[in-house]
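> mind looking at a prediction? Sequence and model below.
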Amino acid sequence: MKSFNKSKIMLQKKNVPLFNLAFRPFFLGAGIFSIISMFLWSMIYLFQVSPPMYLISDSQWHAHEMVYGYAIAVIAGFLLTAIKNWTGIQTIYGKPLILLFILWAIPRLLFLFGTSYLFIAGVLDITFSLLLIIFISLPILKAGQLKRQFVILSEVVLIIVCNISFYSEILGFLDNGITLGLYGGIYLIIALILTIGSTLVPFFIERGTNHQVKLSKLKGLNALNLLLFLGFFVSNLFIVNPDTSHYFALGLFFVNCAKLIDWYTAEIWKNSLLWSLYLALCFICVGFLLFVGTYFGISKILAIHAFSFAIGIITLSMMSRVALGHTGRSVMRPHKAISFALGVILIGGIVRVIAPLFNIFNYEVLIALSQTLWVISFFTFIVIYFPILINSGIDGNSGRIIMTKGKNR
């Protein structure tokens, strides 16, 4: 048996590791695209250097590509890697993974040239989305974990539905589809983060601190969180009742603050891959509080960008963690440059979301600074993680072989 496993590992070494597990190409693609997309958005916003946009505005392009370009790539890489551990069943690799990645990448490239190729980009983008659903659903169904993973799977499906609604309005099939697609996509990604984070974040804190930390899973609060979010989502996008939305947002703020208080330990500040996750969830709480603040005149854009930077911080942290863990490296000792990158994007979030509340600095300067900090952060990530993502792990394993069955989530 030992000789058989050794032969399998030797065979793995002959393969190109990049497409042996989904986190490799999608994290690499997401990081590079994030830099390019944010740089282009900076040129558009500050210098009016814009590719031809005929059917959508520049800001709608920016929002769509950060949600369904960057964020969905991280989701794809994470879930197709995590589901393998949760179910013990191999997820796609090789040619199917290459196909899925190409279907994600081509629309991103086409959108960089404006909306001249919008129909082609839309067809490929939706095809990618539907295949992603299939590829994450099959191992879950095969392992009999549909009930266990139902909420996560439902949230991903709804994210895809929102993307389809975005294209549907452009093609004249659905009124208000762009608004539903953009805002719905952001809200649902936040919901997915809260769902997965309710288990993973306390688990990581327990495993990553030097002393034993007793963290309750607060199952009652998790269920309440889901119900409150459903109310917030429906009232915000369908009923369009600001008063009701404010109440749901306030409830979500208190529930998630309660969870963060329950999870807190001073030990998290010793590891950037812990404090970054924790502070990203704090940014989500800030986002909900700012939604409440819209009743008093605070711009909704600030609340949306609180969510956006929360997504940026937590995805950068998770990409860093997953890439280390799945290449045989220690998640307890992340590269100092990654701690720098996480600190930089955190400052970018404060500059973009908190500083404008005090009306001290020029708003355009704050936006330009936050854009610059975002690019610096992800450039640092790519410099450090490019060799990690394209090469085999330090144990010689390129990531495809399941050495042992992972625990269910």
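Structure's in. What do you need? Numbering: from 1, shown residues only.

> for the rest of this, base every contact and every neighbour count on C-alpha atoms.
Noted.

> which other helices and strands contact the lengthiest helix in the chain?
Determined from DSSP state H, the single longest helix within the chain is helix 177-208. Identification of packing neighbours for helix 177-208 by 3 or more CA pairs under 8 Å, 6 or more residues apart in numbering; DSSP states H and E yields helix 58-65, helix 150-170, helix 219-234, helix 272-293, helix 300-325.

> quick one: buried residues of that helix?
Residues 177-195, 197-198, 201-202, 204-206, 208 are the ones in helix 177-208 that count as buried (16 or more other CA atoms under 10 Å).

> and if you look at stretch 294-305?
Thr294, Lys300, Leu302, Ala303, Ile304, His305.

> pull the most distant pair out of these.
Put simply, by CA to CA the two of the buried residues of stretch 294-305 set farthest apart are Thr294 and His305, 13.5 Å from each other.

> what's near enough to touch Leu273?
Counting by CA atoms under 8 Å, 6 or more residues apart in numbering, Leu273 makes contact with Ser317, Met318, Ser320, Arg321, Val331, Pro334, Ser339.

> who's in contact with whichever strand or helix holds the last one?
What that stands for is Ser339. Per DSSP states H and E: Ser339 is located in helix 336-349. The contact list for helix 336-349 (CA under 8 Å, 6+ apart) reads 272-273, 276, 305-306, 309-310, 312-313, 316-317, 320, 369-371, 373-374, 376-378, 380-381, 384.

> surely Ile367 touches Val353?
No: Ile367 lies out of contact with Val353 (CA atoms under 8 Å); the separation is 9.4 Å.

> the two - which one has more neighbours?
Val353 (26 against 20; other CA atoms under 10 Å).

> what's that one sitting at in phi/psi?
The phi/psi pair for Val353 (degrees, to the nearest 10) reads phi -110, psi -40.

> next one: Phe19
Per degrees, to the nearest 10, the backbone of Phe19 is at phi -110, psi 30.

> that one contacts Phe26, correct?
No: counting by CA under 8 Å, Phe19 does not reach Phe26; the two are 9.5 Å apart.

> which one's more surrounded, these two?
Ranked by neighbour count (other CA under 10 Å), Phe19 and Phe26 place Phe26 first, with 28 against 24.

> the more buried one contacts Ala71, doesn't it?
No: counting by CA under 8 Å, Phe26 stays clear of Ala71, with 10.1 Å between them.

> figure out the helix or strand that Asp175 lives in.
Assigned by DSSP H and E, Asp175 falls outside every helix and strand.

> ok, the closest residue to it other than its chain neighbours - contacts?
With sequence-adjacent residues excluded and distances taken as CA to CA, 6 or more residues apart in numbering, Asp175 is closest to Glu169, at 5.7 Å. For Glu169, the contact set (CA under 8 Å, 6+ apart) comprises Asp175, Asn176, Gly177, Ile178.

> which one of these is nearest to Leu281?
Of these, the one sitting nearest to Leu281 (CA to CA) turns out to be Ile178, at 26.8 Å.

> ok, now how distant is that closest one from Trp61?
From Ile178 across to Trp61, the span is 10 Å (CA to CA, to the nearest Å).

> ok, Cys285 next?
For Cys285 relative to Trp61 (CA to CA), the value is 26 Å.

> neighbour count for these two, which is higher?
Shown here are Cys285 and Trp61; by other CA under 10 Å, Cys285 has more neighbours (25 against 19).

> low-confidence stretches in the stretch 101-250 of the chain?
210-219, 240-241 (pLDDT under 70).

> now the helix holding Ser339 against helix 272-293, angle please.
With axes from the mean of the first three to the mean of the last three CA atoms, to 10 degrees defining the directions, helix 336-349 sits at 10 degrees from helix 272-293.

> tell me the buried residues in helix 336-349?
Ile338, Ser339, Phe340, Ala341, Leu342, Gly343, Val344, Ile345, Leu346, Ile347, Gly348, Gly349.

> contact partners of stretch 183-199?
The set of residues external to stretch 183-199 that reach it, using CA under 8 Å, 6+ apart, is 67-68, 151-152, 155-156, 158-159, 162-163, 217, 222, 226, 229, 233, 237, 284, 304, 307-308, 311, 409.

> I am finished for the moment; much appreciated.
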